[in-house]
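In: okay, here's the prediction I keep looking at, along with the sequence it came from:
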Amino acid sequence: MEERWIENLRKRYANKQVPPPGDLWDDIAAAMKEQKGRTSEAKARNRRLLMWWGRAAAVAACVAVVAGIWFFRDEGSVYDVDVPGKLSVVRPSSPAMNNDKGDDEGYVSEKGNETLSGGVIKVKQNVEEDEPEAELLSEEGTADKDVKEDKVPENVISSKAGISHKGNMEGNHGHKHKNNNTDNLLFASGSMKKSGANVSFGLYGAAPSSFGNASGNGISSLRAMYLQSDKTVGAEYLNMPLRSYSALQGIKGSYVIKTKHRQPIRFGASVRFGLTDKLGIETGLSYSYLSSDITLGDEFGKYGIKQRLHYVGVPLNVNYNLWRNSGFIVYASVGGAIDFCVAGQSETETYSAGIVNETSGHLRETRPQLSVNASAGVQYKINDKLGLYAEPGVGYYFDNGSDIVTIYKDKPFNFNLNFGLRISVK
Amino acid sequence: MRLLYDRYSGYLAAVCARYISSDEDRKDVLQEIFIKIFKSVGRFEYRGEGSLKAWMVRIAVNESLRFLKNGASYSFVDNDAEMPDMAEEPEVECIPDDVINDFILSMPPGYRAVFNLYVFERKSHKEIAALLGIGESSSASQFLRAKAYLTKRIKEYKSAHKND
């Protein structure tokens, strides 16, 4: 028990406030703005890193295709090869993708991509890229035990009036594939006389929980693309860890958090090994893009956080052909995937007293994301080389224990539809 | 960020007001504090009610101490042979907050740092010794001197205002 006078002082000063200097905020904003300019070099570095990831994915896709062709020829038998070309029907229409050439590098293997915005919400925002960490928060000599010393994202602030977010919905473009040669032979392994290697390669796209109208089915729905959850913060919600705005949750008061997760956009390259006439195993490399908008507001102002995460994953699926005729093959597929977050950004905008401030920083997600999925697919042979497939399925994403909230955590059960084209090479 | 500033600048200014006597210096340090907070808030992890404020206050204390350490007048007077009378406690109850604050600010910086850390940041002498790079016994003696100084100033204040 401390002495009485100490307790008295502690009590009196526990919530002591004194008015800060009047022009302090202006000076802080100016200083932050100045520092932001100094991070451009680091920005370029980060962009190069993303580019390399994209190149690596492209190279992997090419290697997969070439290896498959080689494997196929080496066998001396003609079996079907699903090749490149599983067209991604949903094109990432996020501004981050469109504005950043570095990101675009990641799509070089997506030549056949159909541009079908399919209701992906486009958010207008400034093209400023995120700044990577440039400096440590050093507390040397002060032994601040709870403040970690590891490298962390540096948030940079700048004052910008009038930054607006526009929920600009892009409609579907109604793109249709013309299906010719419908009487062609079955694409898959129908011509196989013996059990052997059936290698398929594909570039695929995915639009989970949503449907592009590549087949003109009109299922596409803006709403389906855009999961929403509005929650008024309660005590239990306050404990929900989300790094990018966890700091804000320490603020007492009544405020509302709205979380909007956009549909993940996924594409990649796959290779399928036919084990038997009907059974095949498929793996590859995939890229996923997750984006979320989180807004948090109260009587003092509003925060808007944009969270963007980039994953590279390796799926492993077993396919089983259930039924086939001369034009169609119906198959089932089960498997899992492991995804690694290779880059992440968060941008925070604050609106307070008519002033908009923007900060941005990098999110670091080190824990892999595991998932399992099951799907049923139907493949339609357009001609000798081309097959069109659609593969609705359901996936479950395991909680990886990270405190970064993603659609995988909020909606672990994820309906998805993979679709595209497979080209069979003889 | 403005919201964080609006909510917490008063608390952090109060922290600085216990460590730094000059208005100009205090403003500079507050600016550094907020820049540091804004830069690193992305890594702050919520650990319960009040954790954000506690985290911000820690940064404020660290920056204030850094300022004190860099100041030319920062010194410890360990060789002072005359140990204060430890019998008396400062009678703080009837002294207004701002007067107490002035007394704290008028302490030599070494006393002030130890006093603030011990009383308001609830650090042990061992922790203070580590923070300030001094011996544990030095921290304890600095605190006793600070306490005696405060007692003396309060007495003077009371005798000056006894007719109020």
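Out: Happy to help now that I have it.
In: can you tell me the closest non-neighbouring residue to the spatially most central residue of chain B?
Out: For chain B, the residue nearest the mean C-alpha position is B:N116 (3.2 Å; CA atoms, centre = their mean). Excluding the flanking residues, the one nearest B:N116 by CB to CB, 6 or more residues apart in numbering or on different chains is B:R18, at 5.1 Å. Heads up, the C-betas are built off the backbone N, CA and C, glycines and all.
In: looking at this, the one you found is in a strand?
Out: No: assignment of B:R18 by DSSP: H, G, I helix; E, B strand; the rest coil gives helix, placing it outside any strand.
In: number of nearby residues for A:V394?
Out: Neighbour count for A:V394, taken as other CB atoms under 10 Å in any protein chain shown: 15.
In: which residues does it bridge with?
Out: Going by DSSP bridges, A:V394 is paired in beta bridges with A:A374, A:F415.
In: pretty sure B:M107 contacts B:A146?
Out: Yes: the criterion here is CB atoms under 8 Å, and B:M107 meets it with B:A146 at 5.7 Å.
In: more crowded one of the two?
Out: Neighbour tally, B:M107 and B:A146, criterion other CB under 10 Å: the higher count belongs to B:A146, 25 against 20.
In: hmm, that one is touching B:P109, no?
Out: No: using CB under 8 Å, B:A146 is not in contact with B:P109; the gap is 10.9 Å.
In: where do the helices sit along the stretch 201-350 of chain A?
Out: According to DSSP state H, counting those that start in this stretch, the stretch 201-350 of chain A carries its helices in the segments A:222-225, A:235-238, A:243-246.
In: so who does A:R4 touch?
Out: B:E89 (CB atoms under 8 Å, 6 or more residues apart in numbering or on different chains).
In: low pLDDT regions in the chain?
Out: Assuming you mean chain A. The model of chain A has pLDDT under 70 over residues A:1-2, A:36-51, A:53-257, A:296-303, A:350-357, A:384-385, A:420-426.
In: sorry, I should have been clearer: chain B.
Out: B:42-49, B:72-87, B:163-164.
In: pull out the buried positions in the longest helix seen in it.
Out: Here the longest helix in chain B is taken by residue count, with DSSP state H as the criterion, and it is helix B:136-160. The neighbour-count check on helix B:136-160 (16 or more other CB atoms under 10 Å in any protein chain shown) flags B:138-151, B:153-154, B:157 as buried.
In: residues contacting the residue lying closest to B:I20 once chain neighbours are set aside?
Out: Nearest non-adjacent residue to B:I20, counting by CB to CB, 6+ apart: B:R26, 4.5 Å away. By CB under 8 Å, 6+ apart, the contact set of B:R26 is A:21, B:13, B:16-17, B:20.
In: show me what the helix or strand where A:Y389 lies packs onto, helices and strands only.
Out: Following DSSP states H and E, one finds A:Y389 within strand A:386-397. Helices and strands touching strand A:386-397, by 3 or more CB pairs under 8 Å, 6 or more residues apart in numbering or on different chains; DSSP states H and E, are strand A:369-381, strand A:413-424.
In: near chain B at all, the following helix or strand past that strand?
Out: Where DSSP H and E defines the elements, the next helix or strand beyond strand A:386-397 is helix A:407-410. No: Helix A:407-410 stays clear of chain B (CB under 8 Å from any CB of the partner chain), getting no nearer than 15.9 Å.
In: which residues are contacting helix A:407-410?
Out: Contacts for helix A:407-410 (CB under 8 Å, 6+ apart): A:227, A:229, A:259, A:261-264, A:290, A:292, A:369, A:371, A:397, A:399, A:414.
In: 7 Å instead, please
Out: If you take CB atoms under 7 Å, 6 or more residues apart in numbering or on different chains as the criterion, helix A:407-410 is touched by A:227, A:229, A:259, A:261, A:264, A:290, A:292, A:369, A:397, A:399.
In: re the thing from before, the residue nearest to B:I20 belongs to a helix?
Out: Yes: assessed with three-state DSSP, B:R26 lies in a helix.
In: what sits against B:A60?
Out: Here B:A60 is in contact with B:12, B:15-16, B:33 (criterion: CB under 7 Å, 6+ apart).
In: how many neighbours does A:Y320 have?
Out: Counted with other CB under 10 Å, A:Y320 comes out at 13.
In: now swap in B:P108 and tell me
Out: Neighbours of B:P108 using other CB under 10 Å come to 16.
In: and it, how far is that from B:A130?
Out: Separation of B:P108 from B:A130 (CB to CB, to the nearest Å): 21 Å.
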